[in-house]
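1. give me the fold of what follows.
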Amino acid sequence: MAADSDPESEVFEITDFTTASEWERFVSRVEEVLNDWKLIGNNSSKPPEKGEYTSGTWEEKTQDINFADFKFSVTHHYLKQESEEGEGKEEPEEDAFPTAMQDLLCMNNDFPPRAHCLVRWYGMREFVVISPGANCEAVISESKCNLLLSSISISLANTGCQVPMFVQIQQKWRRMYHGECQGLGVRTDFEMVHLRKVPSQYNHLSGLLDIFKSKIGCPLTPLPPINIAIRFTYVLQDWQQYSWPQQPPDFDALLGGEVGGVEFGKLPFGACEDPISELHLATTWPHLTEGIVVDNDVYSDLDPLQAPHWSVRVRKADSPTCLLGDFLTEFFKLCSKKESTEEILGRGPVEEEGKDDISHALSKLTEPTAVPIPKLSVSNMVHSARKRIRRHRRVDESPLSNDVLNSILLYCILIALSLSTLSIQNLYNQLKSAPSDSLTYRLALCVCLVNFYHGGVRAVAHLWQEFVLEMRYRWENNYLVYGLASGPPDLRCCLLHQKLQMLNCCIERKRARDDGRKTAEGGKERERGRERKVSGSTGTENGRLGPESAEMGREVSPGKSWDSWSDSEDEFFECLSDTEEMKEAVSTDGEKGGAKVAKPEGRLHPHGKLTLLNSQEPLYIPVTQEPAPMTEDLLEEQSEVLAKLGTSAEGAHLRARMQSACLLSDMESFKAANPGCTLEDFVRWYSPRDYVEEELVDENGDSVVRGDLSARMKIPGNMWMEAWATAKTTPARRQRRLFDDTKEAEKVLHYLAVQKPADLTRHLLPCILHAAILKEKEEESVEDILSVRKAIQQATSHASKLLRHPNPDYKKLEDVITQLIAVETVIARSRSLKAKFGIGKAEQGDDAEDLERCSRCNSELLTPPICLPHPPQAALLAPLDEDTGRGGGADDKKPMGGASVPDFPPPAGREILLRTCVPRPAPYSKALPQRLFCVLMREDFRLAGAFSSDTSFF
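-> Numbers count the residues shown, from 1 in each chain. Here you go, the predicted model:
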């Protein structure tokens, strides 16, 4: 019992040291990652070329690992280099330094503008970073930082990896990294200091050299020379001395007070604000030594005007406001509107309200109505009165003034523009829009302008309503619509353009018919006068004309077009009086000649030397009706009707008869022009390939040419034979019209009237995109930017594919507008840079070419630097001089010499790079590279040091 109560006997614990701990598992996992990525050993490679860190391709690989339940991300950053085959086969020397140590002293890529921060600070082309996971807290405690550093040190030693490894500590925004690189008998420690304020004793080169010397602790005297590279960066943000990017508004113009100098027929272009937010001027001293330059708290030799190397970077404004982009965006928004023109202008509800009052007028008078007591209050009566006044005022007020409306209609309808070039015609064919000199194109520009400047959708609805009224006025008064090509609708254009062309066709037919009626009436008057003369001179029984005179009165001069004859309701169709007159003429001729002889009518001209097969009469080409013009929606509707007939024999026969209306009309005209003709005669004129001629030898041995119908014409039930059998002898002027211009014009006008503003926008969107592309091509031709030219071609191709579809995807069309906005922004940035650098005003030289090349770098928010071998002081120093004295203070040191140097503002950032190669830690150690990168800004002070030591001889 005493043994059981002994405290020492109660505690029995065994620690199994054979089980791996979480830290050992973490180290093992890091080693596995290094082996998987094949980062073992020293992979020798040639030194990087000058500027390769900026122009080369950086790649990275990432893998997640865990330390217990804490997630880390391991990332391998490396510059992709193509090594030569001969160099790849050479094995590295046994005592060669790791590649990272060699990069510490390389001067070919100091201050790279676009690279990882560790590349800028340490100049390495390959490294591995271990950082906390995305949703994990930062490693802040000193013990955890030391544990991670120990882990990577053990991993590097166990695997023999010579690629430097870093651990990210502290908060991510601080960009704090500590790391290590191990080689054969050498090691480099990467350390970092980060402060918010610059200590006064380290605010100059002299103090930073003291830190560097004390850190490397070189026992040699004298100390080997320290190589120094310095860069000062100046930021220019104030452009008060430059003109506004847009022309000032003209308040006397019709669109007074509007920015961009917009007028009818032109789209605005350019940025409303400066698209360049900052200019970064970097003055660099790439190769200095400690004894050459002096920079301390009282004196500085670092004069930016004397810097041997200047470079400029451009920081662009994020999404600057551009006029053309705003026009396109606001116009595209109309596509989502659902209100009709009547609903937008507020006239529908008022009319309905009036109708409702009239329909219930008697019931309101006869039936007693209880008036609620609350409605008898004065406030309610005043409120309802205001409501009615506001509603009626909305009806009376027009979004567009008469001056603006008249100017728009005058520009759209009466002003004729010059013809387009071939390239522009090809463009409207691609986009399925309309020619740039057409009414539709000008209407689209005016609608876009009205939508942006005159009240949006209400102004668009008002303009469209007036436009439709103008079209009806022109139809009713036989006035042609200018700005439209003659002929049938052009199916290569948008549907609205086709509808307007169809209306013009109807007006042309109506005018021709009215002119023919006047001509016919004049002819009748002449006939009556001729009848009076004949009756007065010769005299006839009962005052009637003789057969010859009657025939002469009805005779028509051959060759006259059928459009010149009246085709009104009482003359165009086969009327009873005309039929009786024809019968009378035929019977009279029969009595006189003893046989029925038909009188030819509607002849145009003889068809060469051809004669009729059954007689020696020449074969005449008849005056025929023109086929009915059709728009693409009518063609689609007709094809749907024909498709619904099915594939049966009856359906196919009915489909053929519907499609042979024009053929039947031509046959009737041919019979009227060629009395006694046959189907073979008609085929010889209408379809010569279906009349096969063969040369035969007759009984007398003479060669004779005989012809016959083709095989397809002899098929039983052939539609041509059936149509010929049913065709009457009727000239074109007496046939029923194939194209009813009155009916088609009313259909077009109704189609236009029922279009909502959203429908109108969809119709005109191809024209607006067409105009925007033409505008950007015009502006690009002045700037000559290759990337912009390619972007415009891509946007045109993209828009062409979308707009050729019957129902385009408007979401993708919005992407096209975004592309056009990007092009406009690039051109505006280029012009802004040219204005700031004085390109085009000063003499053209090497500096101007470099600055112009900088103005064309628009692919990124912060462009790569453009080197300026000879600083263009006239272009850049004047803006910098204006900033002088604005931020002056203790940091602003002036040279004490008597040289007259323009005052510079204090630099926004200073970067100082110190390098040397000294033995460390003992005098007999290997000479190893040492490096210190210093960043001095107003609210940021950073020291990034790489200090190497000999681990074999210490």
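2. residue ranges with poor pLDDT in the stretch 51-200 of the chain?
-> 83-95 (pLDDT under 70).
3. what of the stretch 751-900 of the chain?
-> In the stretch 751-900 of the chain (pLDDT under 70), the answer is 839-900.
4. could you point out which element follows the top strand by length along the chain?
-> The strand that spans the most residues within the chain, counting by DSSP state E, is strand 276-289. Downstream of strand 276-289, the first helix or strand assigned by DSSP states H and E is strand 309-316.
5. restrict that following strand to CA atoms and write it as CSV.
-> Below are the C-alpha coordinates for strand 309-316, written out as CSV (Å, rounded to 0.1, in the frame of the first residue of the first chain):
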residue,chain,number,x,y,z
HIS,A,309,20.6,58.3,-67.9
TRP,A,310,17.0,59.5,-68.1
SER,A,311,13.8,57.4,-68.5
VAL,A,312,10.1,58.2,-68.4
ARG,A,313,7.2,56.1,-67.4
VAL,A,314,3.5,56.9,-67.8
ARG,A,315,0.7,56.2,-65.4
LYS,A,316,-2.6,56.3,-67.0
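6. ok, residues contacting the helix or strand just after it?
-> Helices and strands here follow DSSP H and E; after strand 309-316, the next one along the chain is helix 323-333. Here helix 323-333 makes contact (Cβ atoms under 8 Å, 6 or more residues apart in numbering) with 246, 259-260, 267-272, 447-449, 451-452, 456, 761, 765, 768-769, 772, 775-776, 810, 813-814, 817, 820-821, 824-825. In short, each C-beta sits where N, CA and C put it, glycine included.
7. buried set for helix 323-333?
-> 323-325, 327-328, 331-332 (16 or more other Cβ atoms under 10 Å).
8. the strand or helix carrying Leu405 - contacts with which helices or strands?
-> Per DSSP H and E: Leu405 is located in helix 402-409. For helix 402-409, the elements it packs on are helix 439-453, helix 457-476, judged by 3 or more Cβ pairs under 8 Å, 6 or more residues apart in numbering; DSSP states H and E.
9. let me know which of the ones you listed is tucked in deepest.
-> With neighbours taken as mean count of other Cβ atoms under 10 Å, the helices and strands packed on helix 402-409 reach their highest mean count in helix 439-453, at a mean of 24.
10. which of the helices and strands packed on helix 402-409 sits closest to Phe947?
-> Closest to Phe947 of the helices and strands packed on helix 402-409 is helix 439-453 (Cβ to Cβ; 63.8 Å).
11. re earlier: show residues contacting the helix holding Leu405.
-> Contacts of helix 402-409 (Cβ under 8 Å, 6+ apart): 254, 264, 398, 400, 446, 450, 454, 462-463, 466-467, 470.
12. tilt between that helix and helix 439-453?
-> Orientation check (axes from the mean of the first three to the mean of the last three Cα atoms, to 10 degrees): helix 402-409 against helix 439-453 gives 150 degrees.
13. and helix 402-409, how far out from the chain's middle?
-> 31 Å (Cα atoms, centre = their mean, to the nearest Å).
14. pLDDT (mean, whole number) over it?
-> Taken as a whole, helix 402-409 has a mean pLDDT of 81.
15. which parts of it are buried?
-> Residues 404-405, 407-409 are the ones in helix 402-409 that count as buried (16+ other Cβ under 10 Å).
16. about what we covered before: closest to Arg831 among the contacts of helix 402-409?
-> Phe264 (24.7 Å).
17. the stretch 51-200 of the chain: helices as residue ranges?
-> Counting by DSSP state H, counting those that start in this stretch, one finds helices in the stretch 51-200 of the chain at the ranges 52-55, 85-89, 99-105, 117-122, 142-159.
18. which one of those helices lies nearest to Pro225?
-> helix 99-105 (12.7 Å).
19. now do the helix holding Leu405 against helix 457-476, angle only.
-> Going by the same axes, to 10 degrees, helix 402-409 makes 60 degrees with helix 457-476.
20. now the helices for the stretch 751-900 of the chain?
-> 757-783, 786-803, 810-837, 846-855, 873-882.
21. now the ones you listed as CSV including distance to Pro435?
-> Below are these laid out as CSV (distance: least, Cβ to Cβ, whole Å):
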stretch, distance to Pro435
helix 757-783, 9
helix 786-803, 15
helix 810-837, 20
helix 846-855, 35
helix 873-882, 44
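22. among those, which is nearest Ile65?
-> Using Cβ to Cβ, the nearest of the helices of the stretch 751-900 of the chain to Ile65 is helix 810-837, at 40.7 Å.
23. now that closest one: buried residues?
-> Judged by neighbour count (16+ other Cβ under 10 Å), helix 810-837 contains these buried residues: 813, 816-817, 819-837.
24. how's this structure carved up into domains?
-> With domains defined by the TED database, the chain comprises 22-81+96-224+917-950, 603-742.
25. could you dump these to a markdown table with mean neighbour count?
-> Output for these, formatted as a markdown table (neighbours: other Cβ atoms under 10 Å):
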| stretch | mean neighbour count |
| --- | --- |
| domain 22-81+96-224+917-950 | 17 |
| domain 603-742 | 15 |
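26. is it possible to get TSV of those that adds distance to Leu427?
-> Below are those laid out as TSV (distance: least, Cβ to Cβ, whole Å):
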stretch	distance to Leu427
domain 22-81+96-224+917-950	37
domain 603-742	20
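27. low-confidence ranges in the stretch 501-650 of the chain?
-> In the stretch 501-650 of the chain (pLDDT under 70), the answer is 520-597, 645-650.
28. fine, thanks again, bye for now.
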